[in-house]
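Participant: My questions concern the predicted model and sequence given below.
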Amino acid sequence: MSSNPSVTVFEGHRSFRLRLILSTLSGKSIKIIKIRSNDLNPGLKDYEVSFLRLIESVTNGSHIEISYTGTTIIYRPGIIIGGELTHNCPNSKPVGYFIEPMLMLAPFSKKKFSIIFKGLTNLTGETGVDAIKWGLLPIMEKFGVRECLIHTIKRGSPPLGGGEVHLVCNSLIPSPLTIHAIDIPKYSAIRGVAYCTRVSPSIVNRMIDSARSVLRNTGCEVNITADVWRGENSGKSPGFGITLVAESKRGWRIIAENVGEAQSLPEDLGELTAYQLIEEITKSGAIGRYQIIMALVFMIIGKEDIGRIKIHKSEIDEKLIYALRDIKQLMGTEAYFKDDADEIDGDDEFMTLSIRGTGFTNVSKKVA
């Protein structure tokens, strides 16, 4: 059956989640081969197997075949049904790894999504819960998904985790709105949260003070909240971190976040994150680097109309190129980049990315 020409074949573990999400939304079967075939430990990692289980839980009729070595999988998607469930995430990835792709499926489900994720809430180099709450949910609002909430019930710092996060999506829409984000936002306020679990609350204040001293020069209103977790709700490990968000009056947001490592100073972490936020603002168009993939997915499955977003040239990285290749292979849609330097008074640092929607309709939704 795997030789069926209707199965789209991909190679390697790159964009693993995106491929499965696109397959589920388009209803097309995929086969992924050579997953870490040259590694000493070949095949799927524990978090990828956990993600497959999650996909299986929120869909009905999905069929997953994994080869004996774990280097090949075949996925035949079913209908997105959502519902209420609890998912235990392995401590190798934070809950954000699982929540992010669920946000792309939740609005097109048969029933409302209500999932409790258990595990790490933040991890270095990965999207944390606060970044999703403040960075991705506002982007979803732009596409017409307004009733989506994330509640942090327990914070779980690495390495042992013990956190709990509740994702609720009450907004079921037939298809996303077409977006035209071609103006560079002007950021008027900087907000943030500095949190700690099972350590002295003074650490939070030290992070806030050092971040404020850097951001004071921006001229923006700065408001960073202290979030101290104690007792049962503070997870199983001590830890601290900070998430900063620049906000425009029209609701566009740029995020920078960091998690404290062993022997790292809270002052250094606050200062580093503040500088990263400033750099991210200067190197972002209408949306930030970590928001682009979600925006692309919603643009592709939108109405048969052309959506446009302005991006900074530095945002066109390897991850984006590979994502666009996967999109072309599964959805048959190509993105068009237009250099703004060609226009009168155009800025040579920015490009406009245009992509045509495929006219997706939510087949999972009950017909009224």
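Facilitator: Thanks, I have it. Just so it is clear, the model here is predicted, and its values are computed rather than measured. Residues are numbered from 1 along each chain as shown.

Participant: can we go C-alpha only for contacts and neighbour counts from here?
Facilitator: Will do.

Participant: any weak-confidence spans in the stretch 1-150 of the chain?
Facilitator: Along the stretch 1-150 of the chain, the parts satisfying pLDDT under 70 run over 1-5.

Participant: Please enumerate the strands of it.
Facilitator: 8-11, 30-33, 59-60, 63-66, 73-76, 79-80, 83-88, 113-119, 148-154 (DSSP state E, counting those that start in this stretch).

Participant: Quick one: residues in contact with the fifth one.
Facilitator: Residues from elsewhere that reach strand 73-76, judged by CA atoms under 8 Å, 6 or more residues apart in numbering: 2, 20, 23, 27-33, 62-67.

Participant: Could you spell out the sheet neighbours of that strand, each with its direction?
Facilitator: Each strand that strand 73-76 pairs with, and the sense of that pairing, follows from DSSP bridges: strand 30-33 (antiparallel), strand 63-66 (antiparallel).

Participant: Could you do the last one as well?
Facilitator: Strand 148-154 has the following strand partners under DSSP bridges: strand 163-169 (antiparallel).

Participant: What are the contacting residues of the partner strand?
Facilitator: Contact partners of strand 163-169, identified using CA under 8 Å, 6+ apart, comprise 95, 99, 106-107, 112-121, 129, 147-157, 233-235.

Participant: So the closest residue to R250 other than its chain neighbours: helix, strand or coil?
Facilitator: The shortest distance from R250 to any residue other than its chain neighbours is 7.8 Å, reached at P185 (CA to CA, 6 or more residues apart in numbering). P185 falls in the coil class when you classify it by DSSP: H, G, I helix; E, B strand; the rest coil.

Participant: I'd like the distance from stretch 217-227 to the chain centre, please.
Facilitator: Centre-to-centre, stretch 217-227 and its host chain are 24 Å apart (CA atoms, centre = their mean, to the nearest Å).

Participant: Can you list the buried residues in it?
Facilitator: Neighbour-count burial for stretch 217-227, counted by 16 or more other CA atoms under 10 Å, picks out 222, 224-227.

Participant: center of the protein, which residue is that?
Facilitator: Centroid-nearest residue in the chain, with CA atoms, centre = their mean: E100, separated by 3.9 Å.

Participant: rewinding a little: closest one to K249 among the strands paired with strand 73-76?
Facilitator: Of all the strands paired with strand 73-76, strand 30-33 sits nearest to K249, with 41.5 Å by CA to CA.

Participant: That closest one: which residues count as buried?
Facilitator: By 16+ other CA under 10 Å, the buried positions in strand 30-33 come out as 30-33.

Participant: Check stretch 299-313 too.
Facilitator: By neighbour count on 16+ other CA under 10 Å, the buried set for stretch 299-313 is 299-303, 305-313.

Participant: Next, work out how far apart the nearest residue to P94 once chain neighbours are set aside and I150 are.
Facilitator: On the basis of CA to CA, 6+ apart, the spatially nearest residue to P94 that is not a chain neighbour turns out to be L120, at 4.5 Å. In this structure, L120 and I150 are separated by 15 Å, where distance is defined by CA to CA, to the nearest Å.
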